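Visitor: curious how this folds, go ahead:
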Amino acid sequence: MKATLLFLGGVGMQELLVIGLFVLIFFGAKKIPDFMKGLGKGVREFKSGLNDVKRDFEEAGEEPKKVDEAKK
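Guide: A predicted model of the protein is given here:
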């Protein structure tokens, strides 16, 4: 079974186990939950920021312009 992650391309189960083992050894078992909690908060704040920008454009009645359209 092969797990495919968006940002890593094709990663197999063996590679995930090696990465997980490395993280466990490097950070220790007690630090991993704190690390994952911080990562989750960061992703949540990023999504919130994107939604704020989208809401600002919608309130202004404008559509975000693409780079090619802005050059014309």
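
Visitor: tell me the first helix or strand C-terminal of the helix or strand harbouring residue 23.
Guide: According to DSSP states H and E, residue 23 maps onto helix 13-27. As assigned by DSSP H and E, the chain's next helix or strand after helix 13-27 is helix 32-60.

Visitor: which strands or helices does the helix holding residue 23 pack on?
Guide: strand 2-5, helix 32-60 (3 or more CB pairs under 8 Å, 6 or more residues apart in numbering; DSSP states H and E). (Glycine included, C-beta is placed from N, CA and C.)

Visitor: now the ones you listed as a markdown table including mean pLDDT, distance to residue 12 and mean neighbour count?
Guide: Listed next are these as a markdown table, based on pLDDT from 0 to 100; distance: least, CB to CB, whole Å; neighbours: other CB atoms under 10 Å:
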| stretch | mean pLDDT | distance to residue 12 | mean neighbour count |
| --- | --- | --- | --- |
| strand 2-5 | 46 | 5 | 10 |
| helix 32-60 | 88 | 22 | 10 |
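
Visitor: mind giving me TSV with those and columns for distance to residue 13?
Guide: As requested, those are exported to TSV (distance: least, CB to CB, whole Å):
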stretch	distance to residue 13
strand 2-5	6
helix 32-60	19
